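Asker: Sharing a model prediction with you, sequence too.
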Amino acid sequence: MSNFVLSCCSVVDLTPEYMKERNISYACFHYTMDGVDHFDDMGLSMSHADFYKAVGGGADVHTSQVNVEEYTRYFEGFLKDGMDVLHLTLSSGLSGSYNSARIAAEMLQEQYPDRKLYVVDSLAASSGGGLLVDTLADMRDDGADIDTLRDWAEAHKLEMHHWFTASDLTQFIKGGRVTKAAGWFGTVLKICPVLNVDNLGRLIPRFKIRGVQNSLKELVNQMIEHAQNGTDYNGKCFICNSACEDNARFVADEIEKRFPHLNGKVQIYSIGTTIGCHTGPGTTAVFFWGDKRVN
């Protein structure tokens with residue numbers, strides 16, 4: 001047993017069962033739906049199916065990050081038990097969560113000077129953060145200590161690739177990531193944006209692809225271009241989706257055909273409620289280890 005806690009935010013978009021099995025703790029983000037507060041708890045209190053049905057029906061949703069006070073309570077529970085903590089936050093390019101966690105850690109370090117409390121800005125989102133913490137869990141289980149994991153995460157986090165496409169632009173328009181005019185033309189012309197997460201952890205539009213099927217194929221093309229060792233890639237691949245599992249399955253099948261040396265089958269998860277408030281239904285995302293993100 002390790003003498004430290006491996007922790008992350010609930011927005012890694014895995015499952016509660018996975019987190020329990022891998023012994024990874026998580027701090028829950030929040031969202032409101034039609035004025036009612038909810039925890040983003042990986043589908044425990046509201047299923048992803050019910051969430052996307054409500055959002056698709058026009059429910060008004062907003063997100064809020066874990067604040068300093070919540071992080072302080074969360075971290076202190078482990079420190080009081082004599083445990084060190086390594087926590088990965090949602091990208092600072094998408095949220096202020098990293099700053100809140102860092103402030104909480106600095107305050108607690110004064111109270112618990114003999115404990116290690118490391119906060120890493122993952123520069124990742126959704127199951128990209130999930131694949132990063134999955135890798136750290138493998139290293140921990142092989143005997144790596146907390147300092148080794150912290151240093152490795154800082155050195156390699158920009159090698160985690162995130163590629164997204166969306167067939168429904170409604171939430172992107174509401175959130176201001178796509179203008180109303182561009183959204184209207186995109187819908188009429190069946191244009192699907194393909195986006196990725198850049199080296200500053202921001203979500204950046206890269207291509208405009210006509211047709212859902214073509215945009216899904218572009219995700220595979222980007223993995224061919226950027227994956228470590230190309231089609232000889234032997235790492236893991238995660239896919240997540242927001243109420244469009246057929247699209248996710250199509251991409252997974254294509255990746256498994258093109259990458260015969262994958263470490264296991266492609267794992268498919270649901271985009272959770274925090275990220276889902278901004279994407280709505282219809283988003284498919286691919287995550288893999290690749291070349292270093294430089295822009």
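Answerer: The structure has been received and is ready for your questions. Numbers count the residues shown, from 1 in each chain.
Asker: Leaving out the residues flanking it, which one is nearest to the residue positioned nearest the centre of the chain?
Answerer: In the chain, the centroid-proximal residue (C-alpha atoms, centre = their mean) is Ser126; its distance is 1.4 Å. Nearest residue to Ser126, sequence neighbours excluded (C-beta to C-beta, 6 or more residues apart in numbering): Asp13, at 4.5 Å. C-beta coordinates here come from the backbone N, C-alpha and C atoms, glycine included.
Asker: give me the number of residues near that neighbour?
Answerer: 30 (other C-beta atoms under 10 Å).
Asker: pretty sure it contacts Ala124?
Answerer: No - here Asp13 lies out of contact with Ala124, judged by C-beta atoms under 8 Å, at a distance of 10.7 Å.
Asker: which residues sit against stretch 225-235?
Answerer: 159, 161, 223-224, 258-263, 288-291 (C-beta atoms under 8 Å, 6 or more residues apart in numbering).
Asker: Give the buried subset of those as a PyMOL selection command.
Answerer: Those of the contacts of stretch 225-235 that count as buried under 16 or more other C-beta atoms under 10 Å are selected in PyMOL with:
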select buried, resi 159+161+223+258+259+262+288+289+290
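Asker: Dump the contacts of stretch 225-235 into a markdown table; add pLDDT as well.
Answerer: Listed next are the contacts of stretch 225-235 as a markdown table, based on pLDDT from 0 to 100:
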| residue | pLDDT |
| --- | --- |
| Glu159 | 98 |
| His161 | 98 |
| Met223 | 98 |
| Ile224 | 98 |
| Arg258 | 98 |
| Phe259 | 98 |
| Pro260 | 98 |
| His261 | 98 |
| Leu262 | 98 |
| Asn263 | 98 |
| Phe288 | 98 |
| Trp289 | 98 |
| Gly290 | 98 |
| Asp291 | 98 |
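Asker: Widest-spaced pair of the contacts of stretch 225-235?
Answerer: Glu159 and Pro260 (21.4 Å; C-beta to C-beta).
Asker: any idea how far the residue nearest to the centre of the chain is from Leu14?
Answerer: Remark: distance between Ser126 and Leu14 (C-beta to C-beta, to the nearest Å) = 10 Å.
Asker: now swap in His226 and tell me
Answerer: Taken as C-beta to C-beta, the span from His226 to Leu14 is 22 Å.
Asker: okay, those two: which has more neighbours?
Answerer: Leu14 (27 against 19).
Asker: Wasn't that one part of a helix?
Answerer: No - assignment of Leu14 by DSSP: H, G, I helix; E, B strand; the rest coil gives coil, placing it outside any helix.
Asker: would you list every one of the strands in the stretch 101-250 of the chain?
Answerer: Under the criterion DSSP state E, counting those that start in this stretch, strands of the stretch 101-250 of the chain are mapped to 117-121, 160-166, 191-197, 203-210, 237-241.
Asker: Just the CA coordinates for the second one, please, in PDB.
Answerer: The one in question is strand 160-166. Only the C-alpha atoms of strand 160-166 are listed here, as PDB (Å, rounded to 0.1, in the frame of the first residue of the first chain):
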ATOM      1  CA  MET A 160      -1.700  13.800 -23.600                       C
ATOM      2  CA  HIS A 161      -3.700  14.500 -26.700                       C
ATOM      3  CA  HIS A 162      -7.400  15.500 -26.800                       C
ATOM      4  CA  TRP A 163      -9.400  15.700 -30.000                       C
ATOM      5  CA  PHE A 164     -13.100  16.500 -30.100                       C
ATOM      6  CA  THR A 165     -15.800  16.900 -32.600                       C
ATOM      7  CA  ALA A 166     -19.400  18.000 -32.200                       C
END
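Asker: nearest spatial neighbour of Gly211, skipping sequence neighbours?
Answerer: Per C-beta to C-beta, 6+ apart, closest to Gly211 is Lys190, 5.7 Å.
Asker: contacting residues around the one you found?
Answerer: Here Lys190 is in contact with Arg210, Gly211, Val212 (criterion: C-beta under 8 Å, 6+ apart).
Asker: Please report how far the last one lies from Ser92.
Answerer: According to C-beta to C-beta, Val212 and Ser92 sit 31 Å apart.
Asker: same check, this time on the second one
Answerer: Distance of Gly211 to Ser92, given as C-beta to C-beta: 34 Å.
Asker: Pick out whichever of these two has more residues nearby.
Answerer: Higher neighbour count among Gly211 and Ser92: Ser92, with 17 against 13, using other C-beta under 10 Å.
Asker: which residues does that one contact?
Answerer: Tyr98, Asn99, Asp121, Leu123, Gly201.
Asker: 10 Å instead, please
Answerer: Tyr98, Asn99, Arg102, Asp121, Ser122, Leu123, Leu200, Gly201, Arg202 (C-beta atoms under 10 Å, 6 or more residues apart in numbering).
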